[in-house]
Structure formats: structure tokens, C-alpha cells
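Novice: give me a 3D structure for the following:
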Amino acid sequence: MLAPRVIRLLEDIVGEEYITTDATDMLCYSYDATQQTFLPDAVVFPENTDQVSLVMKMANVENIPVFPRGAGSGFTGGSLPIAGGIVLVTSRMDQILEIDEDNLVATVEPGVVTEQFQQAVEKVGLFYPPDPASLKFSTLGGNAAECAGGPRCVKYGVTKDYILGLEVVTPQGDIIRTGGPTMKGVVGYDLTKLMVGCEGTLGIITKLIIKLLPLPEAKKTMLIMFDSIDGAAQAVSAIIRGKIIPTTLEFMDAATIECVRKATDLDLPKEAQAVLIVEVDGDKNMIDSQAEKVLHIVQPLGIVNTRVATTPAESEDIWKVRRSVSASLRNVNPDKFNEDICVPRSRVPDMIRKVNAISENYQIPIVNFGHAGDGNIHVNIMIDSKQPGQSQKAELAIKEVFAGALELGGTMSGEHGVGNTKAPYIPMELDPAAVAYMKTIKQALDPKNVLNPGKILLEDAPVEAQAN
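Specialist: Model prediction:
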């Protein structure tokens, strides 16, 4: 519990109406997409960078942990207040400050919702590609903190590829600016890249300078069904070898397809054991020939059926297949552990086989889908946590899934980050010297460990989660 004088200091900084210590109100900021809940001691809603700076200066003096939060849509506990303290919510800092059409850059505050930003730049013929599944409510500051990805990253890259510069409040409350609106800049260390993906452990982003692209003129969407996951994976490699880089290359395995069949009336033939959703974009005169080339390339690889959209409505119908997945999973079991491993795309079938063996061994359903173009597999371990032993089985299965990905030259997190849920597994992927290097950076920049403690680096995360 925070001392009354600390509450008064926070009220002086952000205003009485923009701080809450009411347990009911704070409950809304105690959880994210993980199955964990931690109640903070206070929640504050700063309006600008100066207020964020003053909050951090006070917290640093008083040794009070601060947990930055955007929309709280993360899957690894990155914004959870696992040590109580202050949750600092950036939702009031939600202005698009500038869209520079001449230089193809925009300057925004961290609380801008991703989809709203995309719509704003598209109105002037520009394009911001990163498209995490949470884009309708996640914020650009949170996307940058986690280095979010999405289906389009196979062609366009992830969030870090579009952040040119930042304004950041340090753990001590200093305000620094990194990078800038130019496409080149090599003065000093690349602090922009250090901050993007640091999960709010090294600084709080209060402004972003974002690179934009010209909006593609047109797009074409294809649904391609295969009789095996091997055929689908071979298709992914063959398409890219054919000098076509699709906007998206989404896949669904047999277990996912079965979930969709049971939960919807979408037409997916029984023979289909894997599905690819392939989308190409660009010049109107090029996308038809690209689509034809894709279909020609995949034809020998066990095609069951294909569907090519000719209108925006038909394209939307194809994407309904993918969007129906998450809702359909609840018909398998009520509780989900969503892991986002990434392997070289040619090893996707090997990874699916490993996951199927893990599922069989522990007798728990595991459903796989994701971004085949970059080997990013969303492994959904489905359990009923009320059943004895199910949660323990899930924990063992998760560790084996991570081990399997690493054996294939992959990683245990492609786009969700580490937070506190994956922190115990860091030594499986990173060698001790690399971990020590990260700890040295954290210690140097945040010696009192007041900014988002307990994330990424395990020794700071001894706290037990409350039942959600």
C-alpha cells in the first residue's frame, strides 16, 4: 500500500481525477491476456511526457515500482504489476501529432490505437504494415515495447522496422530522444532499437516517429487447402523461391481446421489437413499474374481445393476462416496457453510433428496456426484448469514445445515477448554470458529496479500470481 503522502504527490502530478486507488477500479488494470492477476497499489493516467517524467522521478526516489501499460493485450505478462506499486496507463496520450506526406513519416503518442493509426495514414494514401491480431485495441506504444508482428511481417517486417525515433522517459525520470525522422542516422549507440522490444524495462515510450510506405494499389487473397502439413510447408518455401514475397502466408493445421469445422458452417473439405491463406498486394496489373504464379507453384503439392477472391467481400470471407479460429478453440477446452514459437519456415512440419507427439504424450489437445511465411507458430495448449493435473501437464508441455523449437534452430518467442511467463525459460535459449550482459544493461539504466521489475530477467520475478 502506498503512503498517503505518495498518493498526494501523484494527485499533484496527474490531477485527482486521473489517479485511482479503488480496488474495484484497479482490478481492470491487474490482468492481461495471460491467466494471471496482480492488483497494483495505484493506477495513474498521465496526459503528457512531463507528467510521466515526474511520476518516474518520484517513484525512483521512493523506490516504488512502476509498470507501464497500453491496452493490456499482451500474452506474456509484460504489463502486469507483479510487485504492486503503480500502473502507469498511457491511454490519455493518444494523439497523432503529424503525418508528413512528403517524407513518409508520422509522429504519434503511445496511446494511439494501432488500427486507428492505420486508417488515418491510409486516408492520405500511406501505409503502416505491422498488424498484430490485437490491432483493434492494442496501442502503438505497447506494440513498440513488445516489438509486435502480425501476418504481414513476412513481406514488410515487424514493428522495429518502422520505428525511426522515440521520446523516452528513463527510470530516473530523465527525458531522452533517440533517432529521428531521417532514414539514416548512426550517431552513437542505437538506443531506438534498444528500447523497442525492451518491454518497458528500460524506459517508457512517450512519443514515436514512425516510417510509412505508399499504400499498395490492390491486393488479392487466396485460400489453398492441402492434404498434408508437409505440402503446405513445401508450398511456402516454393512460393518464396519463385521470387514472390506474399503480403501474408497464414497456415492452419489439421487440429485447427477441425475446430473451425465444428464451430462454424464454413466449407472446409474433410480431406483438407492444412490450409494456407496467401495474400499478395501491389500494382493492379501485377497481382493477377502473381496469384496465377502462386497457384501454379503449389499445384503439385497435394492440393485439395483452392478459392481465389475476386471482390473485397470474397476476400473478407476467406479471412473469416482465420478469424474464426480463436473463438472456436473454446469448444476444445476452456483454458488456453498461447505460445508463439518461431522456427525456420522449412522446419514447420517437423515442429508440428513434435507438437503432436507432445500432445499425445500428455493427453491434452494442442492446436497450431500462425504465420507460415516466417515460421511463427501459435501453439495453443488447451486444458481445463479445474481438472486435477491439467495445469501441471500444460507447464511440462510448454517446456517441451520450447525445447523442440530450439532443437530446430528456432526461438521460444517470435512476437509475444518474454514478460514474466517466459522468464523462467530464458536460460534454455540464451547463454549465461548473454543473460549477464542484459542484466548489466538493466542494472546500469535502472539500478533501483523500479521500472517494470520482474520481466524478462527471472531473478527479479519471485512473485506468485493470484488466481484469475
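
Novice: so Ile381 sits in a strand?
Specialist: Yes - with DSSP: H, G, I helix; E, B strand; the rest coil as the criterion, Ile381 is assigned to a strand.

Novice: hang on, Gln390 packs against Tyr362?
Specialist: No - assessed by Cβ atoms under 8 Å, Gln390 is found out of contact with Tyr362, at 9.3 Å. C-beta coordinates here come from the backbone N, C-alpha and C atoms, glycine included.

Novice: return the backbone torsion pair for the residue nearest to Ala235 when sequence neighbours are not counted.
Specialist: Counting by Cβ to Cβ, 6 or more residues apart in numbering, Ala235 lies nearest to Val298, which is 4.3 Å off, once chain neighbours are set aside. Main-chain dihedrals, Val298, degrees, to the nearest 10: phi -90, psi -10.

Novice: pretty sure Val298 contacts Ile239?
Specialist: Yes - counting by Cβ under 8 Å, Val298 does reach Ile239; the two are 7.1 Å apart.

Novice: residues that sit against both of Gln390 and Tyr362, list them.
Specialist: Common neighbours of Gln390 and Tyr362 are not found (criterion: Cβ atoms under 8 Å, 6 or more residues apart in numbering).

Novice: OK, contacts around Val112?
Specialist: Taking Cβ under 8 Å, 6+ apart, we find Val112 in contact with 94-96, 139-141.

Novice: show the buried residues in these.
Specialist: Buried by 16 or more other Cβ atoms under 10 Å: 94, 96, 139-141, out of the contacts of Val112.

Novice: any idea how far Ile240 is from Gly302?
Specialist: Ile240 sits 18 Å away from Gly302, taking Cβ to Cβ, to the nearest Å as the criterion.

Novice: comparing those two, which shows the higher neighbour count?
Specialist: In this view Ile240 and Gly302 are compared by other Cβ atoms under 10 Å, and Gly302 has more residues nearby, 19 against 16.

Novice: can you tell me, leaving aside adjacent residues, what's nearest to the more buried one?
Specialist: Here the nearest residue to Gly302 in space, its sequence neighbours aside, is Gly231; by Cβ to Cβ, 6+ apart that works out to 3.6 Å.

Novice: I'd assumed the one you found was in a helix, is it?
Specialist: Yes - Gly231 forms part of a helix when assessed by three-state DSSP.

Novice: model confidence for it, exactly?
Specialist: At Gly231 the predicted local distance difference test score is 95.

Novice: one more: Val186?
Specialist: Here, the pLDDT recorded for Val186 equals 94.

Novice: quick one: it is in a helix?
Specialist: No - using three-state DSSP, the assignment for Val186 is coil, not a helix.

Novice: which residues touch the residue nearest to Gly302?
Specialist: Applying Cβ under 8 Å, 6+ apart, the residues near Gly231 are 274, 301-303.

Novice: next one: Asn331
Specialist: With contacts taken as Cβ under 8 Å, 6+ apart, Asn331 has the following neighbours: 259, 262-263.

Novice: at which residues are the strands of the stretch 351-468 of the chain located?
Specialist: Counting by DSSP state E, counting those that start in this stretch, the segments of the stretch 351-468 of the chain that form strands are 366-371, 376-383.

Novice: now distance to Arg323, mean neighbour count and mean pLDDT too, for those strands, in a markdown table please.
Specialist: Output for those, formatted as a markdown table (distance: least, Cβ to Cβ, whole Å; neighbours: other Cβ atoms under 10 Å; pLDDT from 0 to 100):
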| stretch | distance to Arg323 | mean neighbour count | mean pLDDT |
| --- | --- | --- | --- |
| strand 366-371 | 11 | 25 | 95 |
| strand 376-383 | 13 | 24 | 96 |
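
Novice: for Tyr29, find the nearest of these.
Specialist: strand 376-383 (25.8 Å; Cβ to Cβ).

Novice: what number of residues lie near the nearest residue to Gly149 once chain neighbours are set aside?
Specialist: Once flanking residues are discounted, Gly149 sits nearest to Glu415: 3.6 Å by Cβ to Cβ, 6+ apart. Other residues lying near Glu415 total 25 when counted by other Cβ under 10 Å.

Novice: test my guess that Glu415 contacts Glu339.
Specialist: No - with the criterion set as Cβ under 8 Å, Glu415 and Glu339 do not qualify as a contacting pair; they are 11.2 Å apart.

Novice: how far away is the residue nearest to Gly302 from Lys270?
Specialist: Gly231 sits 16 Å away from Lys270, going by Cβ to Cβ.

Novice: tell me, how many residues neighbour the closest residue to Asp340 other than its chain neighbours?
Specialist: Closest residue to Asp340 apart from its sequence neighbours, by Cβ to Cβ, 6+ apart: His416 at 4.4 Å. Counted with other Cβ under 10 Å, the neighbours of His416 add up to 27.

Novice: wait, His416 sits on Thr76?
Specialist: Yes - in terms of Cβ under 8 Å, His416 counts as a neighbour of Thr76; the distance is 5.0 Å.

Novice: tell me, what's touching these two both at once?
Specialist: Between them, His416 and Thr76 share these contacting residues under Cβ under 8 Å, 6+ apart: Lys422.

Novice: coming back round to it: between Val298 and Ile239, what contacts are shared?
Specialist: Shared contacts of Val298 and Ile239, defined by Cβ under 8 Å, 6+ apart, are absent.

Novice: among the buried ones among the contacts of Val112, which ones are in helices?
Specialist: Secondary structure of those is defined by DSSP state H; positions in helices are 140-141.

Novice: quick one: the buried ones among the contacts of Val112 as a markdown table, columns for distance to Val280 too.
Specialist: What follows is the buried ones among the contacts of Val112, written out as a markdown table (distance: Cβ to Cβ, whole Å):
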| residue | distance to Val280 |
| --- | --- |
| Asp94 | 33 |
| Ile96 | 29 |
| Thr139 | 29 |
| Leu140 | 27 |
| Gly141 | 31 |
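
Novice: pretty sure Leu408 contacts Ser346?
Specialist: No - between Leu408 and Ser346 there is no contact under Cβ under 8 Å: 9.5 Å.

Novice: thinking again about what came up before, let me know which of the strands of the stretch 351-468 of the chain is the nearest to Val55.
Specialist: Going by Cβ to Cβ, the one of these nearest Val55 is strand 376-383, 35.2 Å.

Novice: how far does the closest one sit from its chain's centre?
Specialist: 14 Å (Cα atoms, centre = their mean, to the nearest Å).

Novice: contacts for it, please.
Specialist: Surrounding strand 376-383, the residues in contact under the criterion Cβ under 8 Å, 6+ apart are 149, 329, 332-333, 335-343, 348, 351-352, 355, 364-370, 390-391, 393-394, 397-398, 401, 414-415.

Novice: what packs against the strand or helix carrying Val55?
Specialist: With elements delineated by DSSP states H and E, Val55 resides in helix 49-62, which encompasses its position. If contacts are counted by 3 or more Cβ pairs under 8 Å, 6 or more residues apart in numbering; DSSP states H and E, helix 49-62 sits against helix 4-14, strand 66-69, strand 86-89, strand 163-169, strand 204-211.
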